[in-house]
Structures are given as structure tokens and as C-alpha cells.
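S.K.: below is the sequence, then the predicted model.
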Amino acid sequence: MRQELVRKSERASGTNREMSSRQATERRMVKCDQNRSCAVIKGGPRVDANMNVVYERCCGIDVHKDEIACYLIIGQKRFITRRYGTLTKDLQEMAEWLKSEKCEMVAMESTGSYWKPLYNVFEMSGINALIVNAQHMKAIPGRKTDKNDARWIAKLVRHGLLKASFIPDREQREYRELTRYRNSRIEERAREKNRLQKMLEGANIKLSSHVSKIMGVSSIRLLELAMSDEELTAERIEQVRNGKCKSSAEEFLDALTGVITPLQRELFAQVLKTINEQSEQIERIEALIKKYTTEAYDEAAKAIEVIPGVGRISAEQIVAEIGTDMSRFPTAGHLCAWAGVAPGNNESAGKRKKGKSLKGNKTLKKTLTQCANNARNNKNTFFHAQFQRLVVRTGKNKAKGAVAHSILIAIYHVLSGKQFVDLGAEYYAQFNREKKIKSHLKQLQKLGWEPNSPDSASQAS
């Protein structure tokens, strides 16, 4: 009994010592934060007054939809906290306040699209601003308030511990919005076409088995004829059928004969009308893009069109995403990593393992993947040889990613002033020729072929 009491008292004393130590640590943190000489935060890096000061006057902003919190640091002893709304007049008032305080740098998180109005106002007011990825700043466990977030951002930018995101100039941002909107409209029209194809299959109309494009000129005429209330005959199909079509009028008649209810006829007509309206809208956007395409953008798009797989629309989209000035990217590898087409780093104990590519620019990555898919189909190019070399051991998706990586490297050098030269489909054939010959001979011998046998000579002849 006495031994149990002793053990309980020892555990209680140990707990008291632990609590007193924890309380002392918290008192030091509070005292340190009140003196504003340093901030020791659990779970985050230590920001000390002895570190090098990059900006004497800087501001951290925590951005939200309807309200923003500002924390301005001026020297070692002056700290100002303010809150503003997100209306234009409120943002202009905040910009005037920062200019009156001679703020050298403003930093904020790239929260959704809420940072864009602030950045536009700062850009017009001549205030330097950093847009920072939220993943680069660790959260503060247990101290999550708007004021503390703004103060933490201000302390990090004060000592130069934040890495700015790439934000293009206003002209490129507006051009990018145009091209992205066109891309979204094209994707929406493609979804409508797929929906139409599914509806046709549901009505047992096999038009797609006889035409290459379900929305071609002949296809639309045949669909309108099939959806009309008039009787469908081979003579009427022959009148609207294109002469280049391989299928005869009788074959089209069998393909267009399905089970169509009155409701389906109206639904087909509505979907076709929607597709036509979307096509007209895309044409208007194309005219708008052509109107606002500057000479520099037009020359850059024409320059990268010579690369296999890159068409005019893709070239305009790529130029809108990365711009024409490649000096902002130190090397082609930096551009590929920013775009998300470069392999990620995953090394441990001196061994390099498989690493996933970064997220990067989604629009640019999607466009490059489409270009890679087109380039791999051209059998007379280096990109086709690269795809065939990698697809055996990595699969189609990773092989296309590697081709997209190579295409972006070529784009970087073309926009840097160099001329594109295709290495050719036989580029990899020049390496290890003897080794490849021996490997192919071994494969032939496994199949029963002998180099000096009479059968091999007759087969060769």
C-alpha cells in the first residue's frame, strides 16, 4: 500500500514538473511576442530580430471575399493593424494608406481569385506586391486568426523568406483570359457533341459508323433529314449526301432508320441548335482574340507553329500562358517545372525514385499534352521516336508527358531566338548500333531463324 502511494506521488510530481515547464515556455512566448523582437511559434519556423532585414517597411495581407486584414511593420517598434472591405473604393483607400506610410513591399496569399482586385489596384498605384503560394507558408496551429495570419506574412516578407509566384503583366493577363475562355467554350461544345452521339446511339442511329465527323456538313444535313417528319428515302439521302462519302445512299438509309419518338426529335433539334450557337460564339471569340493579338504575340505564335504537333490555337494558348519574354525563366527546366510537365524530385539515401510531376499550370499542361498526342502520330518526327521508345516501359500517359516536356523545351529555345531543327525519327537508331543488331539477331534465332541456313537465304530473297 505504501509503495503504491509513493508511485502515485512520483507520477503527480512528474506531471507538475511537465506542466510548470510548459507554462514557463508559454510565458516566454507571450513575453517574446509582447516585446515584438521575435516570434517563436509552435509548428512554424523561427523569425528572429537578428535575421537580415530585407524590407524595413512591409505589409502582410490576409485576403478574404468581403474583408481583408493588413499588418504593417515599420522598423523595429512600430506595428499597425487595419481592416478594409473589398470594394474598389476600399482598396484604393488602402493603397493610399500604404503609399503614405512608404511601404516597400506587400505580400498576400493567392487565395482563389480574391487576390486579383488587390493586385490590379497595387499595380495601378505603383506598389510592389508579392503573390505567394499558401503551401509555402506553414499554418500556425492554435493561433489561426486573420490578424495573426497577416502578421505572420508580414514577418516572413520582412526577412525575405517568401517566394513570389509568376504574375504576368496586365496585357498578358487579359490576353490569357480571352484564350482560356475560348478553350472552355470549345470543351463545352465537345461535351454537347458527345451528348448528341450518345442520344443517337440510344435511338439506334448508326451514323457515326459511316462518317468521320458527327458534326460535319453532310452529317448535319442527314440528321436534319432524319429528324424531319417527312418520309426518309434513298433518293432524298442521295440529294444531301456528299459525293466523297464512301457509303452509298442505301447504307445511309439503313443507318438512319432507328426508333425515334417525338420527344427525341425535339431534343435532337435542341441539342443541334445549342451546338450551332456555341460554334457562332466561338467564332466571335476568335475575332476578339484576333483583334487584341499584338504583333509580338502573333510573331511568337507563328514561330512555335513550326514545332510538330503545335497548331495555331495551341500556339496562341501557349503564348498567352508563358508570354514572349523567356528571361523570367533562368533555364528551360525552370519553365517545365512551372508548367508541371517536369518529373518531380524523389531521392532518398542517394537513390532516385519515381517522382510525380508537379501540379503547375493546368491550362498549359493540358494544351501541351494535346500537342504531344498530335506529335506522336507524325511518324517522321523525333517526338514519334521518343514516344515509341518510352511507351513500352512507361505506358502511354507517361510517354505523352515526356513528349510534352520535350515540346516545351523546344518552345523555350524558339522563343529565346533559336531556330527549331527536328532531330528526325532515326535519332535513337544511331546509338548502340552493334548492341541493337545483336539483340535483334537473338530474337530472330529464338524464332528459329539461322543466319547461314538455306531457309534464311530464301526468306531474305
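M.R.: Nice, thanks for sending it over.

S.K.: so where is this protein shaky, pLDDT-wise?
M.R.: 1-49, 138-142, 453-461 (pLDDT under 70).

S.K.: show me where the stretch 201-350 of the chain has its helices.
M.R.: With helices called from DSSP state H, counting those that start in this stretch, the stretch 201-350 of the chain shows them at 217-227, 234-240, 249-256, 262-292, 295-304, 312-322, 332-339.

S.K.: single out the most deeply packed of those helices.
M.R.: Highest mean neighbour count of these: helix 312-322, a mean of 23 (counted as mean count of other Cβ atoms under 10 Å). The way it works is simple: take the backbone N, C-alpha and C, and place the C-beta from them, glycine included.

S.K.: that one - contacts with which helices or strands?
M.R.: With contacts defined as 3 or more Cβ pairs under 8 Å, 6 or more residues apart in numbering; DSSP states H and E, the packing partners of helix 312-322 are helix 170-202, helix 295-304, helix 332-339, helix 362-375, helix 396-415.

S.K.: got the CA coordinates for that helix in CSV?
M.R.: This file holds the C-alpha atoms of helix 312-322, laid out as CSV (Å, rounded to 0.1, in the frame of the first residue of the first chain):
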residue,chain,number,x,y,z
ARG,A,312,-2.5,27.8,-84.4
ILE,A,313,-5.0,27.6,-81.5
SER,A,314,-2.5,25.7,-79.3
ALA,A,315,0.3,28.2,-80.2
GLU,A,316,-1.9,31.2,-79.1
GLN,A,317,-2.8,29.4,-75.9
ILE,A,318,0.8,28.6,-75.1
VAL,A,319,2.0,32.2,-75.8
ALA,A,320,-0.8,33.5,-73.6
GLU,A,321,0.2,31.3,-70.7
ILE,A,322,4.0,31.8,-70.8
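
S.K.: residues making contact with that helix?
M.R.: 172, 175-176, 178-180, 182-183, 289, 293, 297, 300-302, 304-305, 310, 335, 339, 361, 363-364, 367-368, 370-371, 411, 415 (Cβ atoms under 8 Å, 6 or more residues apart in numbering).

S.K.: how far off helix 262-292 does that helix point, in degrees?
M.R.: Put simply, helix 312-322 runs at 60 degrees to helix 262-292, going by axes from the mean of the first three to the mean of the last three Cα atoms, to 10 degrees.

S.K.: centre of the chain to helix 312-322, how far?
M.R.: Centroid separation for helix 312-322 versus its chain: 13 Å, with Cα atoms, centre = their mean, to the nearest Å.

S.K.: run the angle between it and helix 332-339 for me.
M.R.: Using the same axes, to 10 degrees, the direction of helix 312-322 lies 100 degrees away from that of helix 332-339.

S.K.: what about Gln317, distance to Thr324?
M.R.: Per Cβ to Cβ, to the nearest Å, Gln317 is found 14 Å from Thr324.

S.K.: and for Lys99?
M.R.: Lys99 is 31 Å from Thr324, by Cβ to Cβ.

S.K.: then Leu272?
M.R.: 40 Å.

S.K.: and Arg433, by the same measure?
M.R.: In terms of Cβ to Cβ, Arg433 sits 41 Å off from Thr324.

S.K.: again, but for Asp229
M.R.: Applying Cβ to Cβ, the value for Asp229 to Thr324 is 56 Å.

S.K.: more neighbours: which of the two?
M.R.: More crowded of Asp229 and Thr324, by other Cβ atoms under 10 Å: Thr324, with 14 against 6.

S.K.: residue contacts, the closest residue to Arg189 other than its chain neighbours?
M.R.: Once flanking residues are discounted, Arg189 sits nearest to Gln278: 4.3 Å by Cβ to Cβ, 6 or more residues apart in numbering. By Cβ under 8 Å, 6+ apart, Gln278 lies in contact with Arg185, Glu188, Arg189, Glu192.

S.K.: and those residues, which of them are buried?
M.R.: Buried members of the contacts of Gln278, scored by 16 or more other Cβ atoms under 10 Å, are Arg185, Arg189, Glu192.

S.K.: circling back: Gly202: which of the contacts of Gln278 is nearest?
M.R.: Nearest to Gly202 among those: Glu192, at 15.5 Å, using Cβ to Cβ.

S.K.: quick one: the nearest residue to that closest one once chain neighbours are set aside from Gly401, how far?
M.R.: Spatial nearest neighbour of Glu192, chain neighbours left out: Ile275 (5.1 Å); criterion: Cβ to Cβ, 6+ apart. Using Cβ to Cβ, Ile275 is found at 32 Å from Gly401.

S.K.: then Glu283?
M.R.: Taking Cβ to Cβ, one finds Glu283 at 33 Å from Gly401.

S.K.: can you list contacts of stretch 398-413?
M.R.: Residues contacting stretch 398-413 (Cβ under 8 Å, 6+ apart): 304, 307, 309-310, 318, 322, 326, 329, 332, 335-336, 339, 341-342, 357, 365, 368-369, 371-373, 375-376, 382-383, 386-387, 390-391, 394, 420.

S.K.: out of these, which are buried?
M.R.: Buried members of the contacts of stretch 398-413, scored by 16+ other Cβ under 10 Å, are 304, 307, 309-310, 318, 322, 326, 329, 332, 335-336, 339, 341-342, 357, 365, 368-369, 371-372, 375-376, 382-383, 386-387, 390-391.

S.K.: pretty sure His384 contacts Ala425?
M.R.: Yes - if you go by Cβ atoms under 8 Å, His384 and Ala425 touch, sitting 5.8 Å apart.

S.K.: would you confirm that Leu72 belongs to a strand?
M.R.: Yes - looking at Leu72 with DSSP: H, G, I helix; E, B strand; the rest coil, it is inside a strand.

S.K.: pretty sure it sits against Ala154.
M.R.: Yes - Leu72 is within contact range of Ala154, at 7.1 Å (criterion: Cβ under 8 Å).

S.K.: pull up the overlap in contacts between the two.
M.R.: Joint contacts of Leu72 and Ala154 (Cβ under 8 Å, 6+ apart) are Cys58, Cys59.

S.K.: which residue, other than its chain neighbours, is closest to Asp66?
M.R.: Residue nearest to Asp66 in three dimensions, not counting chain neighbours: Thr86, with 5.7 Å by Cβ to Cβ, 6+ apart.

S.K.: quick one: that neighbour and Val63, what's the gap?
M.R.: Going from Thr86 to Val63 by Cβ to Cβ gives 8 Å.
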